[in-house]
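Peer 1: sequence first, predicted coordinates after that:
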Amino acid sequence: MKLIHISDTHIGRDDNTLRFERVVDDLLAHPPCAPEDCVIVHTGDLIDSATDTHRRAARVLLDRLATRYRVLLCPGNHDYGDAISLDEEAAETFQQTFRDYIFQGKPSSFPVLSEVGANHAFIGLDSNAEELRFWERWFAEGHLGEAQLSALDRLLDSPVVAGKQVIIYLHHHPFSFGYSVTPDVGDRNPLYNLFTQLSRPFLRLKDAYSFSQVVRDRAQVLLFGHMHFGLDCSGESRKYGIQMALDGSSTTCAEDEADRMRYRVIDLADMSYTVRTLKLQDDRGKINHIETVA
Ligand SMILES: [Fe+2]
Ligand SMILES: [Fe+2]
C-alpha cells in the first residue's frame, strides 16, 4: 500500500491553481502505484480563502484525481476562512462541498475512519474544531478539543482498528519543530520575519500535549501540514512510539515564489518515502524537469 501525501495547495492564491493542475497531470500520467494499492491524503488548506471561486476550482481538481485514486481530505484553517480567522458558515460550506472526500460517505463528524483494504485504518481529524468561537478563531492556531480527542481515544480502542496499521491525518502540526526554524537575517520581508518569529509558538495545535497522550504507541503514521516546512518529524514522533510523522509542506510551494511543486510517496509496507519534485518551465505551466529524491 502506498500513500501520496499532498498539502497546503492554497488553490486560488497567485498561480497555485495552475501549479496544482500540473501536479494532478503528473499524478495521472505517472501514477506511482496501482489504483487499488494507493491512497491520496490531502492535509488541508486545499483552498486559499473560503470563496465559491476557490472551492469550485479545487473541486474540479480533486474530482480529476478521484478518477484514478481514492482521495482523503481534512480541513485546514484557510478552508474555513483565511489566514487571519475562521468562519462558522464557511466551515459548514467547505464540509458540504467536499463531504465525499472528507467524510467518505460516513456521517459528518470527526474523527473520520476509512478502512482501506484489510490492514489499514486512516483516521482524519478536524484541527479547527474548537477554533470557531469568536475568542478562539484568530491567528491560524489549531485546537482539536476534548470531544474529538475522546472520540479518537474510543476509536483507537475499537475492534475495527485493532491489528491494523493506523494513519492519522490532520492539518495543524502537533510538534514544536517550528520554534527552531526561523528566517535568515535579511531573508524576505523584515515585517514578515518579525510576524513569523512572534507567531510561530502560537501557530501549532493548542492541545498538542493531550493529542500526543491519546495517540502515543497507537498509530504508525502521522501526517499534517500548515507550516509549509516539509520537515520529517519522525525523530520527534518516535518519542511517542509513532514511527513516522511528516509535515507535507505546501505541494504548490504556495509561499515560496519558487518554480517547483512537490509531494511525497510513502510506502506503508517498509515505511520509507520518496519526494517527487516538479518544476515549471515557464508561466504557461509546462513541466520541464522532474526529479525524485529518495
Ligand atoms: Fe497553509
Ligand atoms: Fe494552515
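Peer 2: Right, received. Where do you want to start? Ligands and ions are numbered 1, 2, ... in the order given.

Peer 1: which residues touch the closest residue to residue 47 other than its chain neighbours?
Peer 2: Excluding the flanking residues, the one nearest residue 47 by Cβ to Cβ, 6 or more residues apart in numbering is residue 54, at 3.9 Å. From N, CA and C alone the C-beta is placed, and that goes for glycine too. Neighbouring residues of residue 54 by Cβ atoms under 8 Å, 6 or more residues apart in numbering: 11-12, 47-48.

Peer 1: helix/strand/coil for residue 108?
Peer 2: Recorded secondary structure, residue 108: coil (DSSP: H, G, I helix; E, B strand; the rest coil).

Peer 1: correction: residue 95
Peer 2: What three-state DSSP gives for residue 95 is helix.

Peer 1: contact partners for it?
Peer 2: Residue 95 touches 75, 102-103, 108, counting by Cβ under 8 Å, 6+ apart.

Peer 1: can you rerun that using 7 Å?
Peer 2: Residues in contact with residue 95 (Cβ atoms under 7 Å, 6 or more residues apart in numbering) are 102, 108.

Peer 1: one step back: just the contacts of residue 54 now: which is nearest residue 130?
Peer 2: In terms of Cβ to Cβ, no member of the contacts of residue 54 lies closer to residue 130 than residue 47, at 21.4 Å.

Peer 1: redo the contacts of residue 54 as TSV? Include neighbour count, distance to ligand 1 and secondary structure.
Peer 2: What follows is these, written out as TSV (neighbours: other Cβ atoms under 10 Å; distance: Cβ to the ion, whole Å; DSSP: H, G, I helix; E, B strand; the rest coil):
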residue	neighbour count	distance to ligand 1	secondary structure
11	28	11	strand
12	20	12	coil
47	30	10	strand
48	24	8	coil
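
Peer 1: mind telling me what element the residue nearest to residue 47 is part of?
Peer 2: Applying DSSP states H and E as the criterion places residue 54 in helix 52-66.

Peer 1: same deal with residue 210?
Peer 2: Applying DSSP H and E as the criterion places residue 210 in helix 208-215.

Peer 1: which strands and helices sit next to the next helix-or-strand element following that helix?
Peer 2: Sequence-wise, the next helix or strand downstream of helix 208-215 (DSSP H and E) is strand 221-224. Where contact means 3 or more Cβ pairs under 7 Å, 6 or more residues apart in numbering; DSSP states H and E, strand 221-224 is packed against strand 165-169, strand 244-247.

Peer 1: now mean neighbour count, mean pLDDT and distance to residue 214 too, for these, in TSV please.
Peer 2: Formatted as TSV, those follow (neighbours: other Cβ atoms under 10 Å; pLDDT from 0 to 100; distance: least, Cβ to Cβ, whole Å):
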stretch	mean neighbour count	mean pLDDT	distance to residue 214
strand 165-169	24	98	10
strand 244-247	23	96	15
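
Peer 1: and for residue 160, the neighbour number?
Peer 2: By other Cβ atoms under 10 Å, 10 other residues sit near residue 160.

Peer 1: SS state for it?
Peer 2: coil.

Peer 1: for ligand 2, what are the nearby residues on the stretch 1-150 of the chain?
Peer 2: The stretch 1-150 of the chain has residues 45, 76-77 near ligand 2, with proximity defined as Cβ under 5 Å from the ion.

Peer 1: I'd say residue 131 and residue 86 touch.
Peer 2: Yes: Residue 131 sits in contact with residue 86 when judged by Cβ atoms under 7 Å, with a separation of 5.4 Å.

Peer 1: so for the two, which residues contact both of them?
Peer 2: The contact sets of residue 131 and residue 86 overlap at residue 137 (Cβ under 7 Å, 6+ apart).

Peer 1: of all the residues in the helix holding residue 54, which ones are buried?
Peer 2: For helix 52-66, burial by neighbour count (16 or more other Cβ atoms under 10 Å) applies to 54-55, 57-59, 61-62, 64-65.

Peer 1: can you put these in CSV and add pLDDT?
Peer 2: As requested, the buried residues of helix 52-66 are exported to CSV (pLDDT from 0 to 100):
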residue, pLDDT
54, 98
55, 98
57, 98
58, 98
59, 98
61, 98
62, 98
64, 98
65, 97
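
Peer 1: ligand 1 versus residue 150, what's the distance?
Peer 2: 28 Å (Cβ to the ion, to the nearest Å).
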